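Q: would you be able to build a 3D model of this:
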Amino acid sequence: MDKINRGKFGPPDDTPIMPWYGGVYSHGFVALHPFFIVEGLDPNTCEYGTLVLERSKLPSELGLLEWMDEEADKRRACKEIKPEGVDGLSKRFGQQISWRTMCQQNDFTNHCELDRALRTSIGGLRHDLADNAASDRLASYCSRNRIFPPNEGSFQPLMQSSLAGVFRQAGFQSVLVGDEFGDDERLVDIGLMERDELWDGMAELPQYGIKRLIAPDRSLFAWVHWDSFYTMIFGTDEGLHGLKINRLFEGFWCSDETNTYWLTQACIPLVE
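A: So this is what the prediction gives:
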């Protein structure tokens, strides 16, 4: 992959993030996707989150797509609000709950353990890395307290306006938005990204969802990994100058060793 593409895409999963960029960006911030509540909304009555299926449980009489549709219908039954409804309400009325608070309330030592529990819940880890007991404990706590966990692999509704604001604070009136593979990339006005509407579904934005935000001069880059509960925000020294990223988002700055699955590495403390 050449240098231009390294300014658009994330590194392979097991590769240290910052060295992979080879100087394209000098700093990287892991912005954790927040937990949240919406007053009056019960997650138990909402269709929300990833539908997790184990192929080993596929009935012999059904094809894979038929089974997926059947399980999706079961999950949808008796649910009052669909995923896009939850997303829209959370963007306008959601109250964030920090990972730090969730760790304290659920006896997780740190955010790496919490990330392990979240990734386990979506079947995103090898069996030797998964922690089913922690995942169940977290799910039970969220259910009892009407807390929505974050989603993986997409820019979170609660973070969208702040992410757009980062680029505006850096002096840009427009931003490049792109889908996962760079097939659809468009230069759009920052004001569009700051609206109360969800980014998914805006006719002016890529049809299959946004995975990348890029400053026109390539000095800032926000990217979300398909299987991760965080957004990476990269920048050059000049691009990040004067920006208080850690005041907008909960998270930590990458070390030279940090890779996509940082839960397996020495824990970097959250920025105070």
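
Q: all contacts plus neighbour counts: C-alpha atoms, from now on.
A: Fine.

Q: where does the prediction get shaky in the chain?
A: Filtered on pLDDT under 70, the chain yields the residue ranges 1-8.

Q: got the residue ranges for the strands in the stretch 51-200 of the chain?
A: Applying DSSP state E, counting those that start in this stretch to the stretch 51-200 of the chain gives strands spanning 95-97, 174-178, 185-189.

Q: do you know which of these lies nearest residue 86?
A: For the strands of the stretch 51-200 of the chain, the distance to residue 86 is smallest for strand 95-97, at 12.7 Å, taking C-alpha to C-alpha.

Q: domain-wise, how is this protein divided?
A: Listed domain ranges for the chain are 3-33+153-264, 35-144 (source: automatic domain parsing).

Q: buried deepest among those domains, which one?
A: Greatest average neighbour count among the domains of the chain goes to domain 3-33+153-264 (a mean of 18), per mean count of other C-alpha atoms under 10 Å.

Q: distance of the residue nearest to residue 123 when sequence neighbours are not counted relative to residue 223?
A: Spatially, and ignoring its direct neighbours in sequence, residue 123 is nearest to residue 52 (6.8 Å; C-alpha to C-alpha, 6 or more residues apart in numbering). Taking C-alpha to C-alpha, to the nearest Å as the measure, residue 52 falls 24 Å from residue 223.

Q: hang on, the earlier thing: right, and the domains of the chain - which one's nearest residue 272?
A: Nearest to residue 272, of the domains of the chain and by C-alpha to C-alpha, is domain 3-33+153-264 at 8.0 Å.

Q: make a markdown table out of the domains of the chain and add distance to residue 272.
A: Shown next, in a markdown table, are the domains of the chain (distance: least, C-alpha to C-alpha, whole Å):
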| stretch | distance to residue 272 |
| --- | --- |
| domain 3-33+153-264 | 8 |
| domain 35-144 | 10 |
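
Q: surely residue 91 is in contact with residue 157?
A: Yes. Assessed by C-alpha atoms under 8 Å, residue 91 is found in contact with residue 157 at 4.9 Å.

Q: quick check: neighbours shared by those two?
A: Residues touching both residue 91 and residue 157 (C-alpha atoms under 8 Å, 6 or more residues apart in numbering): residue 198.
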